[in-house]
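Asks: Provided below for reference: sequence and predicted model.
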Amino acid sequence: MSAKEVTKSVYELVLKRNPGENEFHQAVKEVLDSLAPVLEECPEYADAKILERVVEPERVIMFRVPWLDDKGVPQINRGFRVEFNSALGPYKGGLRFHPSVYLGIIKFLGFEQIFKNSLTGLMMGGGKGGTDFDPKGKSDNEVMKFCQSFMTELCKHIGPDTDVPAGDIGVGGREIGFMFGQYKRIRNEFTGVLTGKGLNWGGSLVRTEATGYGLVYIVEELLKAQGGDFKGKTVVVSGSGNVAIYATEKIQQLGGKVVAVSDSNGFIYDPEGIKLDTVKQIKEVERKRIKEYVSIHKSAKYTEGCLGIWGIKCDIALPCATQNELDVEGAKLLVKNGCKIVGEGANMPTTPDAAELLIEKNVAFLPGKAANAGGVAVSGLEMAQNSQRISWSFEKADAELKNIMVNIFKDINDAAEKYGSKGNYIVGANIAGFIKIADAMLDQGLV
Ligand code: NDP
Ligand code: 2IT
């Protein structure tokens with residue numbers, strides 16, 4: 001079989017074995033479509049069935065999560081942890097709390113995480129978890145009850161050298177705290193079993209900022225390679241959660257102007273530049289909707305619906321909300337308005353046809369598994385600090401993060417060029433991430 005036939009047959013196997021899991025199919029296809037030149041160079045990978053193994057999670061855990069709401073009514077949610085690949089280290093990846101969560105979402109995220117974690121250069125395998133519980137509109141007490149019940153089961157499967165979860169959509173410092181407390185109580189151990197912890201009980205400085213800052217650092221590297229920087233650039237950022245907020249913060253520090261942010265209801269356009277303190281107050285403190293912004297800043301306009309954000313003129317667009325939020329119509333608008341760079345802060349926010357169009361039109365496209373790796377990278381640094389029982393300064397953690405993002409840019413750029421797709425960072429990221437994992441899997445035998 002030719003290399004192309006191998007990747008095609010593996011994709012067909014994935015479709016057959018995982019019916020209805022569309023996001024997982026999409027994530028697998030993107031990686032497989034990049035790998036033919038690697039298989040041609042290294043037939044051992046195909047002989048050892050590395051592809052067939054890497055698309056099959058090592059372990060999938062699904063469980064019932066019962067909890068009592070504030071009215072005393074029992075509620076039942078579903079919990080997941082997909083321990084996808086441990087070739088490079090303990091399973092590592094976030095937990096997503098969102099009503100759209102089902103097995104296919106967690107598998108796509110876990111699969112992406114394998115390659116992302118490999119790109120960081122740290123010793124972390126890939127995993128992901130979550131639940132269809134919706135934290136929106138729930139009291140702190142309900143969120144705590146849910147987290148305790150969720151961890152009562154999850155704690156049987158994780159550990160600081162086994163599987164180390166963290167945050168993702170709907171999971172921030174509050175949820176990590178509740179889950180850590182329950183883990184500690186049941187297992188009677190104070191260990192670095194979760195990352196994104198509070199700063200006075202084992203968390204790392206810069207973890208909160210890491211994904212957004214890391215995204216901006218890698219875009220800055222790309223700008224540098226083109227002879228430019230952020231100064232005076234107009235940027236559109238979707239989302240207004242953890243990633244979007246800290247991407248905006250770093251862009252503003254570097255002299256760029258963010259003119260739009262959004263949430264799942266709509267987007268804000270503020271031609272004078274987004275006032276980040278207001279966004280932080282609305283989203284981090286009050287947990288309210290982004291449309292509140294316009295009642296405070298008269299320069300801004302709110303528009304219902306998420307897709308319209310891509311019609312705003314910008315030099316750089318950073319989708320930082322959720323999967324498939326930037327479609328081909330949005331991509332066409334970005335191109336028409338002269339956008340030159342798209343960097344994925346979210347996981348798989350760009351549909352495959354949109355990504356293809358952007359690349360064809362010479363928009364530099366940085367895929368999520370490279371561009372948003374800063375979050376898990378600082379999680380890896382948090383694990384290292386926990387193992388040594390020390391805490392680094394902000395400056396040290398930030399410098400390490402920056403260094404990791406600079407290296408990722410170099411690695412994906414070099415891999416793209418070496419394997420005949422210069423400037424295609426999707427191909428570069430998939431290949432650079434894959435090779436380390438495949439080599440480790442070869443070394444470790446048929447497991
Ligand atoms: P948050 O929960 O902090 O924020 C999510 C943001 O995205 C909110 O503004 C939310 O709006 C919006 N959003 C969520 N779902 C949808 C949807 N279906 N349609 C439109 N908007 C939506 O999550 P994060 O900022 O942590 O995560 C954002 C993205 O970044 C995700 O793809 C995540 O996987 C990825 N990521 C996160 C990392 C991290 O360290 N946190 C690391 C790497 C990637 P609303 O408030 O209305 O729900
Ligand atoms: O998608 C991701 O990389 C994350 N949500 C962060 C994972 C982590 O373990 O910090």
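Replies: Cool, the structure landed. Numbers count the residues shown, from 1 in each chain. Ligands and ions are numbered 1, 2, ... in the order given.

Asks: so R81 sits in a strand?
Replies: Yes: counting by DSSP: H, G, I helix; E, B strand; the rest coil, one finds R81 located in a strand.

Asks: so what's it up against?
Replies: Residues near R81 by C-beta atoms under 8 Å, 6 or more residues apart in numbering: 60-61, 106, 127-129, 154, 157-158, 163, 165. All C-beta spots, glycine's among them, are computed from the backbone N, C-alpha and C.

Asks: now with 7 Å?
Replies: Going by C-beta atoms under 7 Å, 6 or more residues apart in numbering, R81 touches 61, 127, 129, 154, 157.

Asks: now swap in Y45 and tell me
Replies: By C-beta under 7 Å, 6+ apart, Y45 lies in contact with 38-39, 438.

Asks: let's see 10 Å
Replies: By C-beta atoms under 10 Å, 6 or more residues apart in numbering, the contact set of Y45 is 3, 6, 35, 38-39, 51, 54, 434-435, 438-439, 441-442.

Asks: so where does it fall, helix or strand?
Replies: helix 44-47 (DSSP states H and E).

Asks: what's the average pLDDT for that helix?
Replies: Mean pLDDT, helix 44-47: 97.

Asks: using CSV, write down the CA coordinates of it.
Replies: What follows is helix 44-47 as a C-alpha-only set of coordinates in CSV (Å, rounded to 0.1, in the frame of the first residue of the first chain):
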residue,chain,number,x,y,z
GLU,A,44,8.5,1.4,10.1
TYR,A,45,5.6,3.5,11.3
ALA,A,46,3.2,1.8,9.0
ASP,A,47,4.7,-1.7,9.6
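
Asks: tell me the buried residues in that helix?
Replies: For helix 44-47, burial by neighbour count (16 or more other C-beta atoms under 10 Å) applies to 45-46.

Asks: pick out the most distant pair among the contacts of R81.
Replies: Across those, the longest distance by C-beta to C-beta is 11.5 Å; it joins G127 and L154.

Asks: between the two, which one's more packed in?
Replies: Using other C-beta atoms under 10 Å, the more surrounded residue of G127 and L154 is G127, with 33 against 26.

Asks: now the more buried one: closest residue in space, sequence neighbours ignored.
Replies: Y91 (3.2 Å; C-beta to C-beta, 6 or more residues apart in numbering).

Asks: again with G308
Replies: In space, and not counting its chain neighbours, G308 is closest to F267: 6.4 Å by C-beta to C-beta, 6+ apart.

Asks: quick check: the one you found is in a helix.
Replies: No: F267: not assigned to a helix; according to three-state DSSP it is strand.

Asks: thought it was touching I309?
Replies: Yes: taking contacts as C-beta atoms under 10 Å, F267 lies within contact range of I309: 4.2 Å.

Asks: residues shared between the contacts of these two?
Replies: Contact with both F267 and I309 is made by residues 236-239, 260-261, 303, 321, according to C-beta under 10 Å, 6+ apart.

Asks: so which of those residues is the most crowded?
Replies: Most surrounded of those: other C-beta under 10 Å gives V237, at 32 neighbours.

Asks: next, format the contacts of Y45 as JSON lines and append distance to G256, secondary structure and neighbour count.
Replies: Below are those laid out as JSON lines (distance: C-beta to C-beta, whole Å; DSSP: H, G, I helix; E, B strand; the rest coil; neighbours: other C-beta atoms under 10 Å):
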{"residue": "A3", "distance to G256": "41", "secondary structure": "helix", "neighbour count": "18"}
{"residue": "V6", "distance to G256": "43", "secondary structure": "helix", "neighbour count": "21"}
{"residue": "L35", "distance to G256": "35", "secondary structure": "coil", "neighbour count": "26"}
{"residue": "V38", "distance to G256": "36", "secondary structure": "helix", "neighbour count": "22"}
{"residue": "L39", "distance to G256": "40", "secondary structure": "helix", "neighbour count": "23"}
{"residue": "L51", "distance to G256": "40", "secondary structure": "helix", "neighbour count": "24"}
{"residue": "V54", "distance to G256": "37", "secondary structure": "helix", "neighbour count": "25"}
{"residue": "F434", "distance to G256": "33", "secondary structure": "helix", "neighbour count": "25"}
{"residue": "I435", "distance to G256": "34", "secondary structure": "helix", "neighbour count": "19"}
{"residue": "A438", "distance to G256": "38", "secondary structure": "helix", "neighbour count": "23"}
{"residue": "D439", "distance to G256": "38", "secondary structure": "helix", "neighbour count": "16"}
{"residue": "M441", "distance to G256": "41", "secondary structure": "helix", "neighbour count": "21"}
{"residue": "L442", "distance to G256": "43", "secondary structure": "helix", "neighbour count": "16"}
